[in-house]
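Visitor: next one to model:
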Amino acid sequence: MDKTVDLDAADEEASAKPPAVRHGFLPISTNWFDRLFIGIYLFVALELLWMRFLEQAIPLTVCHVIAIALGALIVWKG
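Guide: Alright, predicted model coming up:
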């Protein structure tokens, strides 16, 4: 229990390893939650634009499929 720990050496060891960097198509550094959040915003925006401009010609179900596919792509590869 009387063992002393050199905190400076521990900090140097922790900072020596660079964090793993993801290389996705988003221009910012993100984690999975950030990408999920972006996907949800994209889902809502796409749904609103679809209802305003395309719903008369193409059913909303098509938009659901496209939005979910885009959201999954962003979370997986973004």
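Visitor: pull up the gap between the most centrally placed residue in the chain and Gly78, please.
Guide: Among the residues of the chain, the one closest to the centroid is Arg35, at 1.1 Å (CA atoms, centre = their mean). Arg35 sits 5 Å away from Gly78, going by CB to CB, to the nearest Å. Where C-beta positions appear, they are placed from N, C-alpha and C, glycine not excepted.
Visitor: what about Ala67, distance to Asp6?
Guide: 53 Å.
Visitor: and those two? Which one has more around it.
Guide: Counted by other CB atoms under 10 Å, Ala67 and Asp6 do not tie: Ala67 has more neighbours, with 19 against 9.
Visitor: in what helix or strand does the more buried one lie?
Guide: In this assignment (DSSP states H and E), Ala67 forms part of helix 60-77.
Visitor: grab the nearest non-local neighbour of Leu54.
Guide: Cys63 (7.5 Å; CB to CB, 6 or more residues apart in numbering).
Visitor: doesn't Arg52 make contact with the one you found?
Guide: No - the criterion here is CB atoms under 8 Å, and Cys63 misses it with Arg52 at 11.3 Å.
Visitor: more neighbours: those two, which one.
Guide: A direct count of neighbours by other CB under 10 Å for Cys63 and Arg52 places Cys63 higher, at 19 against 9.
Visitor: mind pulling up the pLDDT for the more buried one?
Guide: For Cys63, the pLDDT comes out at 96.
Visitor: same deal with His23?
Guide: 77.
Visitor: and for Glu55?
Guide: For Glu55, the pLDDT comes out at 91.
Visitor: next, it: phi, psi?
Guide: The phi/psi pair for Glu55 (degrees, to the nearest 10) reads phi -60, psi -30.
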